[in-house]
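Asks: build me a model:
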Amino acid sequence: MEAEIRAQIPGIDQVVSEYASGYLNHASLLYTPESDTNGQSPLDEAAETITALLVSASGDFSDQNNTSIRNLVDRFISKLNAANGIDGERRQLAPKTRKLAQAIQVGSQRNISSTLGLAGGVVDLESTNTRKVESRVDRKKLEKAERKIAAKQDRKVMKNVEYEASRLLDQPTDAQSYEEFYMAVNPLQLGGDQAKSKDIKVEGVDVSIGGKRILTDTTLTMAFGRRYGLVGQNGIGKSTLLRALSRRELAIPTHISILHVEQEITGDDTPALQAVLDADVWRKHLLAEQEKISKQLSELEAERSSMADTSTDAERLDRHRDGLDSTLSDIHAKLSEMESDKAESRAASIMAGLGFSEEAQHYATKTFSGGWRMRLALARALFCEPDLLLLDVSHDRAFLNEVATDIIHQHSERLDYYKGANFDSFYATKEERRKTAKREYENQMAQRAHLQAFIDKFRYNAAKSSEAQSRIKKLEKMPVLEAPESEYTVHFKFPEVEKLSPPIIQMSDVSFGYSPPNRS
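Replies: Sure thing, here's the model as predicted:
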């Protein structure tokens, strides 16, 4: 079932998919006709719990997705029933998955509210330990496995990644829409993360593309609030690095939101202002959920008013209503934190700052030229206020001088940092560093050659052997310096001009003269 779960929910945590599969498998082994009381067997309870868990883990709370996941769970249960036999005899399956004993809070795993979008209220797997489905997994082994997975994620680097296209502000792939990619890259934060550091430090970064090594065992460091200019020769891999960051293929903490502006947005009939508002996908999603849940609550209230307070159906509706109220409270809190009510005025202000008149803000996006669509893409990014904004839109030296507070120089499969530098000061400092490195390298090579010459001459001389050994040890202790890269130069070659055969200019019936006032 794990493979089917991952196919249905591509971004699901492995621990969650293993838990779901193992939980259902274990519940099926506990099922007997005698345990099926009041129409609710351990397997039925497990199916409801796992369905709710997978819906929450997917981040898609639509009825269509809920039905699709429930069908997936039902198919797996049917297979388990067939494997266990109709006569109730238990045939021990040999699951390839490991069942988890410790509760998994999906909200904390994916930074998504544990109640958000779940009509039935909170799904707390810890409470399942009080039911008939009991876990037999060693807690210490589970905790060790989880620590191992977390450490693996922290050390995650990208190797030999083949990119199709990274278009966060458009459609990044044929399979994913902008909304799907946005929510996958930027999981919803519901409080508790404001105090976390927004600085980025990723060590041991390796990046390759198409068999070509871009970065090797380097460190990526960026301080929150600084504006970095990424510079390097054409083809060195700057865009590849930005794409890796935009997709979190480098271990960027999930509480740091990312947006990547790489090309202008695709034009359609959407008004420009609305296109900017729609860029904040979580705001759009939460507003839709708020409207949906408010409608459900109104319908429940109408249905509840016709029931007696002591009826079983009334109690069921009250529990359902409490769950929806809790979810709606989460949504209201997050929308308030986003200052959603000020969104339209803020978007209009950003667009005005980028040159869009009040009238132009209501034009369809397809009416704008490529340059204006790029401005619109930038407006969308600024509206979302990401912690990490990646711009792959400029080779303008003046732009880097004006905007950058620091420079990252990408070369020789590594990153060099120039703090407090714009492009001009970086270029001057880089040249000084290169000249200093060249002098140090040449001096060391000369010193090595001098030592080696003495060693070769007196290695087998009894009178000088101790001095030769001393120089051998000195040579071994010297740090090995890499040859500095040669200065980048561009050569132009113009072909020799062939001699032109006379006459070069020939004129016929031509006259020349001055009018009397202008005669000299």
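
Asks: now the helices for the stretch 151-300 of the chain?
Replies: Using DSSP state H, counting those that start in this stretch, the helices of the stretch 151-300 of the chain run over residues 178-185, 238-246, 272-278, 281-304.

Asks: ok, which of those helices comes nearest His255?
Replies: helix 178-185 (12.6 Å; CB to CB). (Each C-beta comes from the backbone N, C-alpha and C, glycine too.)

Asks: pull out the buried residues from that closest one.
Replies: Along helix 178-185, these residues count as buried under the neighbour rule (16 or more other CB atoms under 10 Å): 178, 180-185.

Asks: cool, and stretch 355-370?
Replies: 356, 361, 365, 368.

Asks: so the first one sits against Phe368, correct?
Replies: Just to be clear, that refers to Phe356. No. Under the criterion of CB atoms under 8 Å, Phe356 makes no contact with Phe368, lying 9.2 Å away.

Asks: who touches both of these two?
Replies: 272, 376 (CB atoms under 8 Å, 6 or more residues apart in numbering).

Asks: run through who's touching the helix or strand where Arg373 lies.
Replies: Using DSSP states H and E, Arg373 sits within helix 370-384. The set of residues that contact helix 370-384 without belonging to it, under CB under 8 Å, 6+ apart, is 169-170, 257, 259, 261, 263-265, 267, 272, 275-277, 279-280, 343, 346-347, 350-351, 354-356, 365, 368, 389, 391, 393.

Asks: how about stretch 298-318?
Replies: By CB under 8 Å, 6+ apart, stretch 298-318 touches 320-321, 324.

Asks: same thing but 6 Å
Replies: Outside of stretch 298-318, the residues within contact range by CB atoms under 6 Å, 6 or more residues apart in numbering are Arg321.

Asks: of all the residues in that stretch, which ones are buried?
Replies: In stretch 298-318, counting by 16+ other CB under 10 Å, buried: 304, 317.

Asks: show me how far it is from its chain's centre.
Replies: Shown here is stretch 298-318, whose average C-alpha point lies 44 Å from the average C-alpha point of the whole chain (CA atoms, centre = their mean, to the nearest Å).

Asks: tell me the contacts of Val281?
Replies: The neighbours of Val281, taking CB under 6 Å, 6+ apart as the test, are 179, 182-183.

Asks: try 8 Å this time
Replies: The contact partners of Val281, by CB under 8 Å, 6+ apart, come to 178-179, 182-183, 186.

Asks: again, but for Arg414
Replies: Neighbour list for Arg414: 215-216, 218 [criterion: CB under 8 Å, 6+ apart].

Asks: please apply the same query to Ser465.
Replies: When contacts are counted by CB under 8 Å, 6+ apart, Ser465 is found next to 458-459.

Asks: quickly note the distance from it to Ala453.
Replies: Computed with CB to CB, to the nearest Å, the distance linking Ser465 and Ala453 is 16 Å.

Asks: and for Ala7?
Replies: Distance from Ala7 to Ala453, counting by CB to CB: 67 Å.

Asks: got it, and His395?
Replies: Following CB to CB, the distance that separates His395 from Ala453 is 49 Å.

Asks: next: Tyr427.
Replies: Using CB to CB, which is the criterion applied here, Tyr427 is 39 Å from Ala453.

Asks: give me the below-cutoff pLDDT ranges for the stretch 51-200 of the chain.
Replies: Along the stretch 51-200 of the chain, segments meeting pLDDT under 70 span 84-176, 189-194.

Asks: alpha carbons of stretch 325-340, as PDB, please.
Replies: Presented in PDB, the C-alpha positions along stretch 325-340 are these (Å, rounded to 0.1, in the frame of the first residue of the first chain):
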ATOM      1  CA  ASP A 325     -15.800  25.500  14.800                       C
ATOM      2  CA  SER A 326     -12.300  24.500  15.800                       C
ATOM      3  CA  THR A 327     -11.100  24.400  12.200                       C
ATOM      4  CA  LEU A 328     -12.700  27.800  11.500                       C
ATOM      5  CA  SER A 329     -11.000  29.300  14.500                       C
ATOM      6  CA  ASP A 330      -7.700  28.200  13.200                       C
ATOM      7  CA  ILE A 331      -8.500  29.700   9.800                       C
ATOM      8  CA  HIS A 332      -9.600  33.000  11.300                       C
ATOM      9  CA  ALA A 333      -6.400  33.200  13.400                       C
ATOM     10  CA  LYS A 334      -4.200  32.600  10.400                       C
ATOM     11  CA  LEU A 335      -6.000  35.100   8.200                       C
ATOM     12  CA  SER A 336      -5.700  37.700  10.900                       C
ATOM     13  CA  GLU A 337      -2.000  37.000  11.200                       C
ATOM     14  CA  MET A 338      -1.700  37.400   7.400                       C
ATOM     15  CA  GLU A 339      -3.700  40.700   7.700                       C
ATOM     16  CA  SER A 340      -5.900  39.400   4.900                       C
END
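
Asks: gap between it and the chain center?
Replies: 24 Å.

Asks: domain map for this structure?
Replies: Structural domains assigned to the chain are 2-154, 423-477, following automatic domain parsing.

Asks: for Tyr427 and Ala453, indicate the residue with more neighbours.
Replies: Neighbours around Tyr427 and Ala453, counted as other CB atoms under 10 Å, are more numerous at Tyr427. The numbers are 16 against 11.

Asks: can you map out the strands along the chain?
Replies: Under the criterion DSSP state E, the chain contains strands at 200-209, 212-222, 228-231, 258-261, 388-391, 406-411, 414-418.

Asks: partner strands of the last one and their direction?
Replies: Listed by DSSP bridges, the sheet partners of strand 414-418 and their directions read strand 406-411 (antiparallel).

Asks: buried residues, the partner strand. List them.
Replies: Residues of strand 406-411 classed as buried by neighbour count (16+ other CB under 10 Å): 406-410.

Asks: stretch 452-462 too?
Replies: Burial within stretch 452-462, assessed by neighbour count using 16+ other CB under 10 Å, is assigned to 454-455, 458.

Asks: try stretch 205-216
Replies: By neighbour count on 16+ other CB under 10 Å, the buried set for stretch 205-216 is 205-209, 214-215.

Asks: in those residues, find the pair that's most separated.
Replies: Between any two of those, the greatest separation by CB to CB is 13.5 Å, found for Val205 and Ile209.

Asks: that older thread, of the buried residues of stretch 355-370, closest to Gln64?
Replies: Proximity to Gln64 was ranked across those by CB to CB; first place goes to Thr365, at 27.9 Å.

Asks: hmm, that closest one is touching Gly267, no?
Replies: Yes. Judged on CB under 8 Å, Thr365 makes contact with Gly267 at a distance of 4.6 Å.

Asks: can you pull out the helices in the stretch 351-500 of the chain?
Replies: If DSSP H, counting those that start in this stretch is used as the criterion, the helices of the stretch 351-500 of the chain fall at 370-384, 397-403, 423-458, 465-477.

Asks: count the neighbours of Phe492 for me.
Replies: Close neighbours of Phe492, defined as other CB under 10 Å, add up to 4.

Asks: quick check, pLDDT for it.
Replies: pLDDT for Phe492: 88.

Asks: mind listing what it touches?
Replies: Here Phe492 is in contact with no residues (criterion: CB under 8 Å, 6+ apart).

Asks: ok, and for stretch 416-432, which residues are buried?
Replies: Going through stretch 416-432 with 16+ other CB under 10 Å, the ones that come out buried are 416, 418, 421-423, 426-427, 430.

Asks: turn those into a markdown table, including pLDDT and distance to Lys201.
Replies: Listed next are the buried residues of stretch 416-432 as a markdown table, based on pLDDT from 0 to 100; distance: CB to CB, whole Å:
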| residue | pLDDT | distance to Lys201 |
| --- | --- | --- |
| Asp416 | 92 | 16 |
| Tyr418 | 93 | 17 |
| Ala421 | 85 | 20 |
| Asn422 | 87 | 23 |
| Phe423 | 87 | 24 |
| Phe426 | 90 | 21 |
| Tyr427 | 85 | 26 |
| Lys430 | 86 | 23 |
